[in-house]
Every structure is written in structure tokens, then in C-alpha cells.
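Undergrad: Make a model of this:
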Amino acid sequence: MTDLSLDFSHAAPADRPAILKLEERAFGPGRFAKTAYRLREGVEPDWSLSFLARIGGMLVGANTMTRIAIGGAPALLLGPLTVEEAFRSRGLGEALTMKSLDAARAAGHGLVVLVGDPPLYERMGFKRAPFGQFQMPGPVDPGRILYCELRSGALEGHKGAVTSGV
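TA: Just a heads-up that it's a prediction; the model follows:
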């Protein structure tokens, strides 16, 4: 990972304003039009599965997990994964993602999905979703829909419309 002295902790509702400012700097105003943001709209993250990274008290990275349903079956949506520009390419995003995946696995969840860059997430255990497996709201590049089974066979039974909150 990185040689910096990082402090990882669970995110909490009180962290929301700082997380939103970090997302604004990283993704700009166009982020609200993205499909994944639309799924998270008005839904609180699962704070027990969401993590922050700080250096000297300064927030430099955040990852949230949100409960969703796929064809009525419960699943999780990973993201946004946000890292301050000056701290990118140091393994911080991967560390945050793995903390969320490990916590979700320990809590008994079976499936995590996201919309993202395959080369980045495939090294963390994500795979490209079979074409047509998930119907996301709004336009989305099907080649960027990824999933990670936290339990063997968890993808089975998860087919259809992806909706927010369960």
C-alpha cells in the first residue's frame, strides 16, 4: 500500500458533509447524473460497511456501501470510492474497498455490485456482470457493471432490475 501513516475508521453519519465535499472535489457536479448516484439518492449508506482514510485528521479517502435489491434479492452497491487526487495510485482505494468487502462478508452479505473500471476492480475480485444480468436505472455502459461474490454462488438469484434500498 502506501508508506504514509494512515488511519482507517468506519464512516458515520456525522462524516457525511466531509465525504460529500471529497466527492465534489473528485467527481464534480456531473456525478449526480450517473446511474450509481441515482441508486444511492435519498438512501443512507450502510455505515457499518463504509470506511474512511485520514492522514493527520485530514480526510483523504472514503468508500461507502449501500443496500440495494436486484430482482428483489438483497445486495450491496459499492461506492463511491473517492480518494483525494494527491493520494491516488498508492493503494488507498484498494485498501478502502477491501475493508468494505471484508466487513460485508463478515456481516453475512453475499453479493456486491458497482459501476466502475474493470482493470481497477478486477484485481480486487470483481468480475464483469453477464450481459443482461442486471438492469440498472438510466444509461450505463454494460461493460462497466461489475460484481463480487462474497459467498460462492451468490450471483444466482440476482437477476433483473436493480433498485435502491432494502
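Undergrad: For stretch 118-126, measure first residue to last.
TA: End-to-end distance for stretch 118-126, by C-alpha to C-alpha, to the nearest Å: 8 Å.
Undergrad: now that stretch: mean pLDDT?
TA: The pLDDT scores in stretch 118-126 average 94.
Undergrad: who's in contact with it?
TA: Residues from elsewhere that reach stretch 118-126, judged by C-beta atoms under 8 Å, 6 or more residues apart in numbering: 93-94, 97-98, 101, 112, 114, 116, 128, 143-144, 146-148. Heads up, the C-betas are built off the backbone N, CA and C, glycines and all.
Undergrad: Flag every buried residue along it.
TA: By 16 or more other C-beta atoms under 10 Å, the buried positions in stretch 118-126 come out as Tyr121, Phe126.
Undergrad: sorry, back to before: in TSV, list the contacts of stretch 118-126 along with neighbour count.
TA: Output for the contacts of stretch 118-126, formatted as TSV (neighbours: other C-beta atoms under 10 Å):
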residue	neighbour count
Gly93	21
Glu94	16
Thr97	25
Met98	16
Leu101	22
Val112	26
Leu114	22
Gly116	19
Arg128	15
Gly143	10
Arg144	17
Leu146	23
Tyr147	23
Cys148	23
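Undergrad: export those residues to CSV and tack on secondary structure and distance to Leu77?
TA: Listed next are the contacts of stretch 118-126 as CSV, based on DSSP: H, G, I helix; E, B strand; the rest coil; distance: C-beta to C-beta, whole Å:
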residue, secondary structure, distance to Leu77
Gly93, helix, 16
Glu94, helix, 18
Thr97, helix, 13
Met98, helix, 17
Leu101, helix, 13
Val112, strand, 8
Leu114, strand, 7
Gly116, coil, 11
Arg128, strand, 16
Gly143, helix, 18
Arg144, helix, 13
Leu146, strand, 11
Tyr147, strand, 11
Cys148, strand, 11
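Undergrad: Need the max-distance pair from the residues you listed.
TA: Met98 and Gly143 (23.3 Å; C-beta to C-beta).
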